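Trainee: below: sequence and its predicted model.
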Amino acid sequence: MFNFDRDRFLRIQNGAIGLKDELDVVIDEVVTKGIKNVFFVGTGGAAIIMYAAEHILKNRSTLPAFTEISSELMVTNHQHLGEQSLVILPSLSGTMKETVEVANFCKEKGATTICLVGHANTALTEVTDYSFVNFAEDDTSCESFYLQSFLIAFRLMYKRQELIIHSMEYQSHLDRLYRQLCWQLY
């Protein structure tokens, strides 16, 4: 790959994995409070990246999971979105108008909102209940969001007793995954 900076890539993906403990605390709190479903909501490519986590949950968990495009979620007024919904909002910039609008829409419905962003102190971090920042750029954000969404999906399953694996073990698997991604790209 032309001009691929392996160390930068690993640093950014390690940052995503490094959010595990903080994500675990929030997911534990949300599960204890009670959730009926999880929504992965984004604008454009950010939504598409979430399909992998949705797929894991749909096939390995009884927790209903949905991936939705921001504007479509607001227009269709999804009937499963409500007070016991967890909404994950990935946005590299944290400034996409549609993503900020859907975050507000979800909060109006009573949902708990978590944003995954590449930059702190953005419009999106200001309106969501929880914000997780891992610096990334366009060429590294996909893998970062994949890893973060996997951490969320696996923790949800673990807390629901649907994933019988020690958290350090799955973190080790994710660590190997991003190293393999880097090896393949280099």
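Mentor: It's in.
Trainee: make it CA atoms for all contacts and neighbour counts henceforth
Mentor: OK.
Trainee: and the pLDDT at the residue positioned nearest the centre of the chain?
Mentor: Centroid-nearest residue in the chain: residue 149, 3.6 Å away (criterion: Cα atoms, centre = their mean). Residue 149 carries a pLDDT score of 96 in this model.
Trainee: could you list the buried residues of the helix or strand containing it?
Mentor: Residue 149 belongs to helix 141-159 when assigned by DSSP states H and E. Within helix 141-159, the residues that count as buried by 16 or more other Cα atoms under 10 Å are 141-158.
Trainee: where do the strands sit along this protein?
Mentor: Using DSSP state E, the strands of the chain run over residues 37-42, 65-69, 85-91, 112-117, 130-133.
Trainee: where do the helices sit along the chain?
Mentor: For the chain, the helices defined by DSSP state H occupy 6-17, 20-33, 45-49, 51-60, 70-76, 97-108, 123-127, 141-159, 167-185.
Trainee: save these as a markdown table, and put in distance to residue 84 too.
Mentor: Shown next, in a markdown table, are the helices of the chain (distance: least, Cα to Cα, whole Å):
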| stretch | distance to residue 84 |
| --- | --- |
| helix 6-17 | 26 |
| helix 20-33 | 9 |
| helix 45-49 | 21 |
| helix 51-60 | 17 |
| helix 70-76 | 16 |
| helix 97-108 | 11 |
| helix 123-127 | 18 |
| helix 141-159 | 14 |
| helix 167-185 | 25 |
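Trainee: before we move on, back to that, tell me the most buried of the strands of the chain?
Mentor: Comparing these by mean neighbour count (mean count of other Cα atoms under 10 Å), strand 85-91 comes out on top with a mean of 27.
Trainee: run through who's touching that one.
Mentor: 30, 35-43, 46-47, 99, 103, 106, 110-118, 145 (Cα atoms under 8 Å, 6 or more residues apart in numbering).
Trainee: do that again at 7 Å, thanks
Mentor: 35-42, 46, 111-117 (Cα atoms under 7 Å, 6 or more residues apart in numbering).
Trainee: so what's the residue nearest to the centre of the chain up against?
Mentor: 50, 53.
Trainee: what stretches of this protein score poorly on pLDDT?
Mentor: Applying pLDDT under 70 to the chain flags residues 1-2, 164-171, 174-175, 177-179, 181-186.
Trainee: appreciated, that's everything.
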